[in-house]
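> What follows is a predicted protein model with its sequence.
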Amino acid sequence: MASVFAYAPAPESRSVVDIAPSYGLFIDGEFAEAADGKVFKTVSPSTEEVLSEVAQAGTEDVDRAVKAARRAFEKWSALPGSERAKYLFRIARIIQERSRELAVLETLDNGKPIRETRDADLPLVAAHFFYYAGWADKLDHAGFGRRATEGIAGANPRPLGVAGQIIPWNFPLLMLAWKIAPALATGNTVVLKPAETTPLSALFFADICRQAGLPKGVVNILTGYGDAGEALVAHPDVNKVAFTGSTAVGKAIARQIAGTGKKATLELGGKGANIVFDDAPVDQAVEGIVTGIFFNQGQVCCAGSRLLVQESVHDEVLHALKRRLSTLRLGDPLDKNTDIGAINSAEQLARIGALVETGEAEGAERWSAPCELPSAGYWFAPTLFTGVSQAHTVARDEIFGPVLSVLTFRTPDEAVAKANNTQYGLSAGIWTEKGSRILAVANKLRAGVVWANTFNKFDPTSPFGGYKESGFGREGGRHGLEAYLDV
Amino acid sequence: MSDGRLSVFKTYKLYVGGKFPRSESGRVYEVNDSKGRWLANAPQSSRKDARDAVVAARKAFGGWSGATAYNRGQILYRVAEMLEGRREQFVREVAEAEGLSKSKAAAVVDAAVDRWVWYAGWTDKIGQIVGGANPVAGPFFNLSTPEPTGVVAVLAPQESSFLGLVSVIAPVIATGNTAVVVASADAPLPALSLGEVLATSDLPGGVVNILSGRTAELAAPLASHQDVNAIDLTGADAGLAKELEIAAADNLKRTLRPQAVDWSADPGTHRLTAFLETKTVWHPTGALGASGSSY
Amino acid sequence: MPTTAASPKLSAPFEQGGPPLADATASDSALRRFLHGLPGVDTVGLEARAASLGTRSIKTTAKAYAIDLAISMIDLTTLEGADTPGKVRALAAKAVNPDPTDRTTPRTAAVCVYPDMAATAAAALAGSGVKVASVATAFPAGRAALDVKLADVRDAVAAGADEIDMVIDRGAFLSGRYLKVYEEIVAVKAECGSARLKVIFETGELSTYDNIRRASWLGMLAGADFIKTSTGKVATNATPANTLLMLEAVRDFREQTGVQIGVKPAGGIRTTKDAIKFLVLVNETAGEDWLDNHWFRFGASSLLNDLLMQRQKLSTGRYSGPDYVTVD
C-alpha cells in the first residue's frame, strides 16, 4: 500500500566523486602496481556494480612499504611536534573540504546510507585528525613521562617506529583516522591495509596526503587481502601493530607477535547488552535500541546486539520497537532518506543469514520489519528475535548485522549477570531515569564503553576499547596516545 | 636461645584463598641457600593447585575490586606495618635466599616495606591520574575511569626473591585486581613467608595467592586458563615467555612481557596501568542551545 | 528508491481493557500519581530524534504534496492589540483564496482571532469551509477568574467560533495543582458545545519535557480535541522537539483509549522547510492518520506566504518573490 506521504527519491549526486578505473598501492608517496601485478575488483554492495580495480599487495609490496615507512621515520619523528601538528591540521581541513565527495565514495564502496557517512563518519574523521593534530606538540604533557624500565625518570615519550595497521570494512575512513591520526601525531610512520571490500576511501586518503604535502613514506596504503595483513604483522621491521576486526584474527595476531618487541592494540568483536529498566524514558530507549543495532546495518563491533529488557515492560517496549522498525526506510544508500543500507558483502550477508537460521532452528522467535528488499545487491531486513535465552547462539555469537536478540531480566542483579555473561566486553547500554542505578550498574558492567540513556556515541576525545576478548588498548583521547609511544 | 636446644623448623606452606594448604600433589622440593645448603622443603605445586588458586582469586575479585580505594590503601599500608614487625625474619630469609650480607639484605627488606607504602598511597590516586572527564563535542557528560582487569597471574622474578616479589604483587592488587603468584622457583621461602604477613594484614583471603614450585609447570596452566585475565611474565625466560604469550592469546590476556628492571629504582606507574582497563561512561547532560525546553 | 512498509497494524496491547483512565482523575493525588507515573523524557534523545527527522529530504512530488497539505493545515492567525475588522476581513479573504494567481491552491484550515473579532471572521468566512478559531480564557496569560474565562468562551462560541483555543493555568500546573487545571479544561469544554477545543500549554513556560508530556496527558484526559504548544506570545514557541513529544502523546493516547486527538504547533514556524519538517514528524511518529487538517494544524501567519512562493516555484520552475504573494 502506498503511503499517503511517500517521499520521492532524493539521491545524493554521484558526480561529486570521480572514481578511476584502477588504483595502485600507495608506497613512498607514489601509486604503484603490485610487484606481481595482481589486482582485485571492488564492488558497490548496493548494486554489485564494479567500482574499480585495485592492486593486490603481496609480501614483496609489504616489504617495500615497510622499508619506505622506516626510511621516512627518521625525519618524521625528528620533526618538531608543532610541524607534525600542522600536517595533521592540513589533512583535517582537506577532509572537511572534500567531505561530501568522501561521503559519497564511502557510501558507494561500503553500502551504508549517505545520511550516516555525511552526518557521522565524515565529521568524526575530520574531528579525529583535528584532535590528534593538537597533541603532536604536547606529548611531554600527556602524563607518560616517568618510566620504570632502564631506570629513566622523567624521560619524554618517544614514538615506536613503523606502525602496521589493519582496518575493517565497517567504517573504512573512520577506522583509518583512528589509526593514522594518533600514529602520525606521536611521530610514527604507518603502513595501513584497508579491508578488501572497501579499499577506495583509503586510496583517496592517499591523495589527501599528497595534497597536504605530507613527506613521502610517512603514510603508505596497501590494498589487499588477509595474506598482506599477515605479512605486515610478521614483518620484522614493524614496531607496532594496530588491528580492528574479528576476535579470531585478533588472537592470531597476538600469537604471531608473541616473544617479539611489537606493541599491539586490538579492537575486536562484541556482543553488547542494551539494558532497559522499567523506569526508562521509553521513547528515547526505543531510539537508542534502534541506533544501537541498526546503525550501519548492525555492522558495528560495539552494537547493542542483545536487548535486555525488564520483564515488566517487555511487551510495551517490544510493541513500540516493532512500530518504530516498521518506519525504517531500507534501500538505495545514496538516497538521503535511507535509514538502512546494504550489507557490505555477499560473504557477510551469508554469515548473517546462517546465524539467523540457527536462531530460528534453536527456537527463538523471529520478526523482521516488513520492507521490500532490492533485487540486486546484498540486503537484510531489520530483524529481531524474541524468546531468546543466554544459551541461544544468537545471544552469544557476534552476528555483525541488523539482528537484535531480545532477552528479559527481573532484577538489576540479573541484568548485570546476563550482560557480563559473554567472552566479550566492548559496550553496554543502560536505560533508566534513576541516577544511582545508572552509576551502580555502569560500575558493575565489564565493558569498555557504557552508554547511559544514549547509545553508539563517539568522540575523538573519548577512549574506546574493550575488556576481555573484545581486545586491548584504547583508541581515542589521551589514552589513545599510549599505544604509539614508548611508555 | 640456650645451647643445646633443638630449634623448631617451619613447615613452609602455600597461601591460597587465605589458607595455608600443602600442595594437593603432596610433593615438596628442596630449597637451598646460595651456597647449596638445605634450608627447607617447599611445596611443589601442581596444575591443580594453580587451578584452585585461580578459583580463590576469582572469588575474591568482586569484594576486593569493590572495596573503596581508601580501604585498599589502608590494607596495603597494614602490610607494610606487619612486615616492619617481622623485619628480622625477612632479613634472614632474604640473606639466605639471595646470598646477601645481613646489611644488604636489610636494605632490600627496607626497600620492600617502603614499596608497600608507595603503592598504599597510589590506590586512591591512580584513578585521578589516568582517568577523567573527556570534553566530547556534544551534550554529554563523558567520564573515563580505570578498573582492575581481574585475576592476574604473576610470575615473580627469579632473582629478586623479595623486593622483586613485592614490586610485582603490590601494583597488581593496589588497583583492585587479585593475583595468583608463582614465587621464585629456587628462592620461594620469602614469598611463602610473605603469605603469613598478608594473612595478618586484613587482606581478604584469595586476593593474593602464592604458589611455590617449578615456574614452567605452573605458568602453563595459568597462561592458558580462560578465567585468568592477565599475566605478568617477569619470572619467565625468553623462551618460556614466548610460549606463555602464545597460550595467553587464547582469551586475549593482557600480557606484561619480561624486561630488565632495576628493582631498587623508582617504579613509576607502569605496573599499575598494565593491569587496568579504561571504562568510559556517557550520559546526556541536556540541551546545549536555547531550544526551549531543555531539562 | 527507499521502500517503507505500509503503516503497521501491530497488535496493540492497550487497545482494549487498558488502565481505567477515569480513575486517574478521581482526585488530585490520583492525578498526580498518574502524571508522574508517565515515562520520563530524555532531553538529548528527544531533540536528537527530532533533529534526525529534520534531515529528511522531501523533493518533487512529495514536496508538492507537503506544501498543499501544510497550507490546508494553517490556522491563519492574527492576535494583535491593533487588530481591526478590516485586518480580519483581509486575512479571511487570504484564507479562502491564498493565491489569487492559482485557484488550485488549497484553503487554510481556519482563521484564528481574538473573541471580539470572531463575529467579523465568521461573517467573512461564511460558506467557505474555512473555520473560525478564537482564542479564549483570558488569552494569552490566562490570569482571570474561571467565570471570566468561561464567559470569554461563551462569547466566542456565540459569535460563531467553530474552534476555541484556550490556555491552561500554568501557575496551577507548575505548583502541582493538576486537578485544578483539569477541572478548568473540563469546564471550558462543556462551554464549547460543538466547537472543537484546542488546549494551549505554553510549553515555553512549562520549561521541561516531562512537564510537556504530563500536560499533554492532562489535556487529553480532560477532553481536549487538540493539544497545542503555545500562544506565540513568549520567547519559545513550537519546536520540532516539543511537537514530536506531543505527537508521541497523542499516538500513545489513541493506543490506550482508542480516542484520536489533534496536535497544533504554533508560533515560530515561518518557512516551508520548517513546515515540512513538522509534517515528517507527524508522518513518522503519529502516522498518516494525522496527515489531515482535522488532526494537525499550524498556528502561523507568515508561513503561508513562504509556502505559496515555494508552491509557485514548483509549478513554474522559477524562484518567486514577495511581490508575487499578497500581503494581508
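Right, received. Where do you want to start? Every value quoted in this text rests on a predicted model; they were computed, and no experiment measured them. Numbers count the residues shown, from 1 in each chain, chains lettered A, B, ... in the order given.
> rest of the way, CA atoms for contacts and neighbours
Will do.
> which SSE is residue C:148 in?
Here residue C:148 is covered by helix C:146-158, with elements defined by DSSP states H and E.
> For the residue minimising distance to the centre of chain A, give me the pLDDT.
When chain A is reduced to its mean C-alpha position, the nearest residue by C-alpha atoms, centre = their mean turns out to be residue A:171, at 4.5 Å. What the model reports as pLDDT for residue A:171 is 98.
> measure residue C:73 to chain A for me?
Residue C:73 sits 15 Å away from chain A when distances are taken as C-alpha to the nearest C-alpha, to the nearest Å.
> wait, doesn't that residue sit right on residue C:108?
Yes. Assessed by C-alpha atoms under 8 Å, residue C:73 is found in contact with residue C:108 at 5.9 Å.
> Am I right that residue B:198 falls within a strand?
No. Under DSSP: H, G, I helix; E, B strand; the rest coil, residue B:198 falls outside any strand and is assigned helix.
> circling back to that earlier point, look up how far chain B lies from the residue nearest to the centre of chain A.
Relative to chain B, residue A:171 is positioned 20 Å away (criterion: C-alpha to the nearest C-alpha).
> which ones are touching that residue?
residue A:121 (C-alpha atoms under 8 Å, 6 or more residues apart in numbering or on different chains).
> For the next helix or strand after the helix holding residue C:148, which strands pair with it and how are they oriented?
Scanning forward in sequence from helix C:146-158 by DSSP H and E, the next helix or strand is strand C:163-167. Partner strands for strand C:163-167, per DSSP bridges, with pairing direction: strand C:131-136 (parallel), strand C:196-200 (parallel).
> Give me the distance from the last one to the chain's centre.
How far strand C:196-200 lies from its chain's middle: 8 Å, per C-alpha atoms, centre = their mean, to the nearest Å.
> Check the longest one too.
When distances are taken as C-alpha atoms, centre = their mean, strand C:131-136 is centred 12 Å away from the chain's centroid.
> So what's the residue count around the residue in the stretch 101-250 of chain B positioned nearest to chain C?
Here the stretch 101-250 of chain B gets closest to chain C at one residue, residue B:139, 7.0 Å apart by C-alpha to the nearest C-alpha. Summarising burial for residue B:139: neighbours were counted as other C-alpha atoms under 10 Å in any protein chain shown, giving 17.
> Need the nearest residue in space to it, chain neighbours excluded.
Take residue B:139 and drop its neighbours on the chain: the residue closest to it by C-alpha to C-alpha, 6 or more residues apart in numbering or on different chains is residue B:285, 5.3 Å away.
> Hmm, that neighbour is touching residue B:140, no?
Yes. Under the criterion of C-alpha under 8 Å, residue B:285 lies in contact with residue B:140, with a separation of 5.0 Å.
> Looking at these two now, which is surrounded by more residues?
It is residue B:140, of residue B:285 and residue B:140, that has more neighbours when counted by other C-alpha under 10 Å, with 20 against 16.
> so who does that one touch?
For residue B:140, the contacting residues are B:282, B:283, B:284, B:285, B:286, taking C-alpha under 8 Å, 6+ apart as the criterion.
> could you redo the last one with a cut-off of 7 Å?
Taking C-alpha atoms under 7 Å, 6 or more residues apart in numbering or on different chains as the criterion, residue B:140 is in contact with B:282, B:283, B:284, B:285.
> so what's the backbone phi/psi at the residue nearest to the centre of chain A?
Taking degrees, to the nearest 10, you get phi -130, psi 70 for the backbone angles of residue A:171.
> Also residue B:132?
The phi and psi values for residue B:132, taken as degrees, to the nearest 10, are phi 150, psi 180.
> Compute the distance between it and chain A, please.
10 Å.
> separation between that residue and residue A:463?
For residue B:132, the distance to residue A:463 (C-alpha to C-alpha, to the nearest Å) stands at 11 Å.
> the more surrounded of the two?
Higher neighbour count among residue B:132 and residue A:463: residue A:463, with 24 against 14, using other C-alpha under 10 Å.
> count of neighbours near the residue lying closest to that one once chain neighbours are set aside?
Closest residue to residue A:463 in three dimensions, ignoring its sequence neighbours and counting by C-alpha to C-alpha, 6+ apart: residue A:476, at 4.4 Å. Neighbourhood size, residue A:476 [other C-alpha under 10 Å]: 22.
> in chain C, what spans have low per-residue confidence?
Applying pLDDT under 70 to chain C picks out residues C:1-20.
> Counting by contacts, list what the helix holding residue C:148 packs against.
If contacts are counted by 3 or more C-alpha pairs under 7 Å, 6 or more residues apart in numbering or on different chains; DSSP states H and E, helix C:146-158 sits against strand C:131-136, helix C:178-192.
> in the chain, which helix has the most residues?
The chain I'm using is chain A. Determined from DSSP state H, the single longest helix within chain A is helix A:59-78.
> meant chain C actually
What stands out as the longest helix in chain C, according to DSSP H, is helix C:240-257.
> Quick one: name whatever helix or strand follows that helix.
The helix or strand immediately downstream of helix C:240-257 is strand C:262-264, counting by DSSP H and E.
> what helices or strands is the following helix or strand past that following strand leaning on?
Downstream of strand C:262-264, the first helix or strand assigned by DSSP H and E is helix C:272-281. With contacts defined as 3+ C-alpha pairs under 7 Å, 6+ apart, the packing partners of helix C:272-281 are helix C:303-316.
> hmm, 10 Å instead?
Secondary structure elements in contact with helix C:272-281, counted by 3 or more C-alpha pairs under 10 Å, 6 or more residues apart in numbering or on different chains; DSSP states H and E, are helix C:43-53, helix C:60-72, helix C:240-257, helix C:303-316.
> Could you list the residues of the stretch 1-150 of chain B in contact with chain C?
Contact residues, the stretch 1-150 of chain B versus chain C (C-alpha under 10 Å from any C-alpha of the partner chain): B:138, B:139, B:140.
> how about those residues in JSON lines, adding secondary structure and distance to residue C:214?
Compiled in JSON lines, the residues of the stretch 1-150 of chain B next to chain C are given as follows (DSSP: H, G, I helix; E, B strand; the rest coil; distance: C-alpha to C-alpha, whole Å):
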{"residue": "B:138", "secondary structure": "coil", "distance to residue C:214": "27"}
{"residue": "B:139", "secondary structure": "coil", "distance to residue C:214": "24"}
{"residue": "B:140", "secondary structure": "strand", "distance to residue C:214": "25"}
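> Throw the residues you listed into TSV and include pLDDT, thanks.
Written out in TSV, the entries for these read as follows (pLDDT from 0 to 100):
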residue	pLDDT
B:138	94
B:139	94
B:140	96
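> about what we covered before: tell me the most buried of the helices and strands packed on helix C:146-158?
Mean neighbours per residue, mean count of other C-alpha atoms under 10 Å in any protein chain shown, is largest over the helices and strands packed on helix C:146-158 for strand C:131-136, with a mean of 29.
> Between residue C:73 and residue C:108, which contacts overlap?
Common contacts of residue C:73 and residue C:108 (C-alpha atoms under 10 Å, 6 or more residues apart in numbering or on different chains): C:293, C:297, C:298.
> nearest to residue C:103, of those residues?
Residue C:103 lies nearest to residue C:293 out of the shared contacts of residue C:73 and residue C:108, by C-alpha to C-alpha, at 19.3 Å.
> Spatially, what comes nearest to the closest one if we skip its sequence neighbours?
Counting by C-alpha to C-alpha, 6+ apart, residue C:293 lies nearest to residue C:73, which is 4.7 Å off, once chain neighbours are set aside.
> swap in residue C:288?
Spatial nearest neighbour of residue C:288, chain neighbours left out: residue A:4 (6.6 Å); criterion: C-alpha to C-alpha, 6+ apart.
> packing partners for the helix or strand hosting residue A:322?
Under the criterion of DSSP H and E, residue A:322 resides in helix A:314-325. With contacts defined as 3+ C-alpha pairs under 10 Å, 6+ apart, the packing partners of helix A:314-325 are helix A:282-294, strand A:306-310, strand A:365-368, strand A:383-386, strand A:403-409.
> Fine by me, thanks again.
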